[in-house]
Structures are given as C-alpha cells and as structure tokens.
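Q: Just need the structure, nothing else, for what follows:
(one chain, ligands or ions: 1)
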Amino acid sequence: MRKVLIVDDEPSVRFVLARTCERAGVPFEEAGSAEEAREKLGHDGLAQDGVGLVLLDVRLPGDDGFKLLGELSQRPDSPFVVVMTAEDTMRSAVEAMKRGAADYLGKPFDLGRVERIVRDLSVGPEGEAPRPAEAAPRSAGQADEEGPQPLALGDMLIGRSPAMVEVYKEIGRVARTEMTVLLMGESGTGKELVARAIHVNSARARGPFVTVNMAAIPRDLMESELYGHEKGSFTGAVERRPGKFELASGGTLFLDEIGEMPIELQAKLLRVLQEREVDRVGGSRPLPVDVRIVAATNADLARSVEEGRFRRDLYYRLAVVPVRLPPLREREGDVVLLARHYLGKYGEQFRGRPLTLGKDAEPLLLAHPWPGNVRELQNVIQRALLKLPGARLGARELSALLPAGTVADRGLTGLVEQLLDAGAPEGGRHAAAIAAVEAPLIAAALARTKGNQLRAAELLGMNRNTLRERMRALGMKAR
Ligand SMILES: Nc1ncnc2c1ncn2[C@@H]1O[C@H](COP(=O)(O)OP(=O)(O)OP(=O)(O)O)[C@@H](O)[C@H]1O
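A: Numbers count the residues shown, from 1 in each chain. You can find the predicted model right below:
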C-alpha cells in the first residue's frame, strides 16, 4: 500500500486528516509546506512503497499548492493529488483539475468522503487505477509554468454548492483537452458562462470565443451564418462573408440552443465536425476548421433523437463530454450568495451603492422554485432596485416581487415541500420553514397597522416584546 502525504500549513487540519488516514488504515506522512513536501517525495522516490496520494492545500507559505501540483503532474510516476481548499471555489476547483488533480474538495471537508478517497487512491500497484495523466492527456502547448490564469470577474460563476463544485471540476477537466462538450441545463442556468469558462481556461484562451444562437437565426440564413458565403451565391449575398466557423478559428465556437437546428441542416454540421473543413455557400474549395466546439441545449436532446428531431450520429458527435448544469433550486444555498452578489452589483451600478439582503428574505429565496433560474433571480433583483425605497431587501419587499404569493399559489404544503427539496439553509430546514411563514405574517400585520408594533402584536395575539424579539430574530427592521 502506498503512503498518503498530507500537505497543509495548518497543524489542526493535518491532525484531522492524519486521523482520517488512520481510520482508513493507510500509512501517512505530513508536510507543512511545498518545500517540505518535495523533500519527502524526493526521499521516497515514489517507489512502490512511496507516496501514492497527496492531500494538498493551496495556500501554503512559500510556493503554493498549485505550483507543487504542476511539478507533480509532470513526473512520469506522479502520485494522485487531491486539492483541498476553502478559497475562491470556482477558480481553485477549475485550476486544480486543469493542472491534473485527481479530485478537488472544498473546505469544510466531508471527512467520510476524504476517507473514501484515501482508501480508493492509495491502493498499491496491483490494484492500480489509471493515473490521472493517462486518463486525461494534457493538450499540446499548455505550459505548466504559467500561473493560474485569473478569470475576469465577469466570467466568474457564483456558488459553492456541491452541485456547482462538480461543474467547476468538469470545466477544469475538459479545459485541458480539445474535446467537444455538450452543456445541458434549463434556461438561465449559466450555460454560456460555463462555455466561456472552458474557453478562457483552455490552450485556446488567446483565440476568439464566438457564439451562435441557433434559435435566433432564421433558417434560410443558418448555413451562410455558420459556414459563410461567396459574393453573389444567393440573392442578398452582396459581399463575400466569413462564417462563424471561420471567425472562431483558433478559438472556441459556442453553438447555443443546438436542439433548435432544423434536421435537414444537421447532416452538413455533422460532416463539418467529422472532416474538420467547411464549404462556404457558393464556394469552390473547402476551408480547414480549427475550432473547439461547445454546444448547449435546454431541451432533452436524447428525447429529440428518439422522436426523430435530432440526428443520432450528430448527438454522439456533440455529447463527447456531456456536462449537466443543475437548476438553481438544486444548488444548496447558492441562491442567497447570488442574490447578495446582484444586490451589490446592480446597487453599485444604478444607485452608486450596494444594496443588502435581509436575513428574513433568505427563506423566501430558498423556497421559491426559480423556473427561470439565475436569469429570473437577476430580473427580481433588478425590479427590487426600481421598487425598493431603502437599501435593504427584506422578506416583505421580496414577497411582493416574487410571482403572486408563493404561499398562496402553491399552498402551505407546496412551500414546505419546496423547502425540503431546496438546499439546507443556515440554521436548518425547520427554522427556515417557520421563518418562511412567520416573516410574511408579521410583515402583513405591520402593513395593516401601518407599522404600529403594539397594534400588530395585538392582532397577532402576542405581546409587544415577543413581537420585537421575533422581528430581531428574523432580521426584520421596524419601519
Ligand atoms: N453561477 C452563476 N454565477 C453568476 N452568474 C450567473 C451564474 N449562472 C448564470 N449566471 C448569469 O445568469 C444569466 C443567464 O446565464 P446564461 O445566459 O449563461 O444562461 P443559459 O443557460 O445560457 O440560458 P439560455 O438557455 O436561456 O440561453 C447570465 O447573465 C449569467 O451571467
């Protein structure tokens, strides 16, 4: 059995991880820095009884974890590396996988999962799993010495839910390859943002990122839009025009809403993808194609295939790496982070100062099903900006902005079911369910009594101090 090397500058973290290795019955060593880790790895020479798995923290004194990861993945007999960090979820998860990590875990760790990883990845040569380097070959031209390429803030995906961390890991894994990716997810889940993230993290980052939305192009123009046309090739073709494939040369072509492509045009796209050349409409010789394809759909493409609306062969060409984007309601607690983000961003943009989110509004955010996903949330926050007199979005204001009465529409049972399905909010589901009912109740009583707390307390049959206490606990402000 190979050893585990725990690399973390925090003794308490090393302690917990060491106990986890003991529980798994796997020998381990510890290092407090990249330098110390190099020494230990060097001594063992990664021989049979050497280090098979490195649990690596990113922020370390001296060289950081990514630097060490880059070095390790260059070694012919590199150990598995699992990156563990609390920082900057998206960037660190993408970066870790891009640099060849076997897995990524955000802090606080799920120790049960760490134990499983330690067991699975520290196996000896007999039971050897494929090395990460073999599993995903590094694309040519990708320099390891380059530091992490910081994503522009506008390209950052927000969210720390386990479902999103899986997406970040997938972005990092595919970014280092040239493989075709099919993004699947409901409308407004961030498919375009993910496509961009794959591009900026890939070896093609300096090339163009070109988007074509299949649902937005009239069918007659689709071929010329994609492949270009020669002057005079059809009525209206007054100039020679390059197509999107040509414009994306050296970069990434994002084919959005691919499910909307008419079936009779799909054969040509398949041919282009197979032969990697395009024919301009009216052109005489084919042009070579040098693009990475990322396609996206909010429809169930597999079903479209069964129903004969989408070619099976094209589907398999596109779905080399299928990536599913979770709907917002499946991203535990992310809706609160996103709401805070947009209140800050739009507040700065339109009012010159950020707005804040009241604690009492959180249960409502968590309970709403968000059929329009992040885009719907953006719209709600923008409406809040227009309507809010103050700088704080509380439960009362939010419930007025959400589609007519969340509770009234779906009934109390619906709301409660929704809360059980949604991610676990801070303080637990029970507290969130009570708050989801209590906050609007108190808000309504206050609205009826025009903010008079004594009369509102009477209306509710509680004393005024209790009312005040509840309002404080729910984060509600007196008006
Ligand atoms: N995790 C996220 N963090 C921050 N912003 C996000 C996130 N997900 C989506 N957005 C934002 O939500 C909006 C919708 O995202 P995007 O256009 O990428 O969705 P989509 O899945 O491509 O939607 P459609 O299928 O309707 O084209 C964009 O403004 C995007 O910036």
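Q: need the contact list for residue 96.
A: 58, 66, 69, 83, 85, 104, 169, 172 (C-beta atoms under 8 Å, 6 or more residues apart in numbering). In short, each C-beta sits where N, CA and C put it, glycine included.
Q: how about JSON lines for these, with secondary structure, neighbour count and distance to residue 398 added?
A: Output for those, formatted as JSON lines (DSSP: H, G, I helix; E, B strand; the rest coil; neighbours: other C-beta atoms under 10 Å; distance: C-beta to C-beta, whole Å):
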{"residue": "58", "secondary structure": "coil", "neighbour count": "24", "distance to residue 398": "36"}
{"residue": "66", "secondary structure": "helix", "neighbour count": "24", "distance to residue 398": "40"}
{"residue": "69", "secondary structure": "helix", "neighbour count": "24", "distance to residue 398": "42"}
{"residue": "83", "secondary structure": "strand", "neighbour count": "26", "distance to residue 398": "37"}
{"residue": "85", "secondary structure": "strand", "neighbour count": "23", "distance to residue 398": "33"}
{"residue": "104", "secondary structure": "strand", "neighbour count": "23", "distance to residue 398": "34"}
{"residue": "169", "secondary structure": "helix", "neighbour count": "19", "distance to residue 398": "33"}
{"residue": "172", "secondary structure": "helix", "neighbour count": "27", "distance to residue 398": "35"}
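Q: Pick the one among these closest to the ligand.
A: residue 169 (14.5 Å; C-beta to the nearest ligand atom).
Q: what about the longest helix in the chain?
A: In the chain, assigned by DSSP state H, the helix with the most residues is helix 428-448.
Q: so how far is that one from its chain's centroid?
A: Centre-to-centre, helix 428-448 and its host chain are 31 Å apart (C-alpha atoms, centre = their mean, to the nearest Å).
Q: ok, and for it, which residues are buried?
A: For helix 428-448, the neighbour count (16 or more other C-beta atoms under 10 Å) marks 429, 432, 433, 435, 436, 438, 439, 440, 442, 443, 445, 446 as buried.
Q: Grab the CA positions of it and hand them over as PDB.
A: Output of helix 428-448 as PDB, limited to C-alpha atoms (Å, rounded to 0.1, in the frame of the first residue of the first chain):
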ATOM      1  CA  GLY A 428     -31.700  24.200   9.300                       C
ATOM      2  CA  ARG A 429     -34.900  23.500   7.400                       C
ATOM      3  CA  HIS A 430     -37.200  23.600  10.300                       C
ATOM      4  CA  ALA A 431     -36.100  27.200  11.200                       C
ATOM      5  CA  ALA A 432     -36.400  28.200   7.600                       C
ATOM      6  CA  ALA A 433     -39.900  26.800   7.200                       C
ATOM      7  CA  ILE A 434     -41.100  28.600  10.400                       C
ATOM      8  CA  ALA A 435     -39.400  31.800   9.200                       C
ATOM      9  CA  ALA A 436     -40.900  31.500   5.700                       C
ATOM     10  CA  VAL A 437     -44.400  31.600   7.300                       C
ATOM     11  CA  GLU A 438     -43.700  33.900  10.200                       C
ATOM     12  CA  ALA A 439     -41.900  36.700   8.500                       C
ATOM     13  CA  PRO A 440     -44.600  37.400   5.900                       C
ATOM     14  CA  LEU A 441     -47.200  37.000   8.700                       C
ATOM     15  CA  ILE A 442     -45.500  39.700  10.900                       C
ATOM     16  CA  ALA A 443     -44.900  41.800   7.800                       C
ATOM     17  CA  ALA A 444     -48.600  41.700   6.900                       C
ATOM     18  CA  ALA A 445     -49.700  42.500  10.400                       C
ATOM     19  CA  LEU A 446     -47.300  45.500  10.400                       C
ATOM     20  CA  ALA A 447     -48.600  46.600   7.000                       C
ATOM     21  CA  ARG A 448     -52.200  46.600   8.200                       C
END
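Q: Please name the residues that touch the residue of the chain found nearest the ligand.
A: Nearest residue of the chain to the ligand, counting by C-beta to the nearest ligand atom: residue 190, 2.6 Å away. Counting by C-beta under 8 Å, 6+ apart, residue 190 touches 157, 325, 373, 374.
Q: swap in residue 41?
A: So residue 41 contacts 5, 50, 51, 54, 72, 79 (C-beta under 8 Å, 6+ apart).
Q: Next step: the residues you listed restricted to strands.
A: 5, 51, 54 (DSSP state E).
Q: Which among those count as buried?
A: 5, 51, 54.
Q: Please look at the second one and residue 7 and confirm they touch.
A: No - counting by C-beta atoms under 8 Å, residue 51 does not reach residue 7; the two are 10.3 Å apart.
Q: Quick check: which helices or strands does the helix or strand hosting residue 195 pack against?
A: Secondary structure from DSSP states H and E places residue 195 in helix 191-200. Contacts defined by 3 or more C-beta pairs under 8 Å, 6 or more residues apart in numbering; DSSP states H and E place helix 191-200 against helix 162-175, strand 181-184, strand 209-213, strand 252-256, strand 292-297.
Q: just to revisit the earlier point, which two from the contacts of residue 41 end up farthest apart in space?
A: 50 and 72 (12.3 Å; C-beta to C-beta).
Q: Can you check which residues contact both of the two?
A: 41, 79.
Q: Which of the two has more residues huddled nearby?
A: residue 72 (23 against 16; other C-beta atoms under 10 Å).
Q: and the residue of the chain closest to the ligand, how far is that from residue 83?
A: Per C-beta to C-beta, to the nearest Å, residue 190 is found 23 Å from residue 83.
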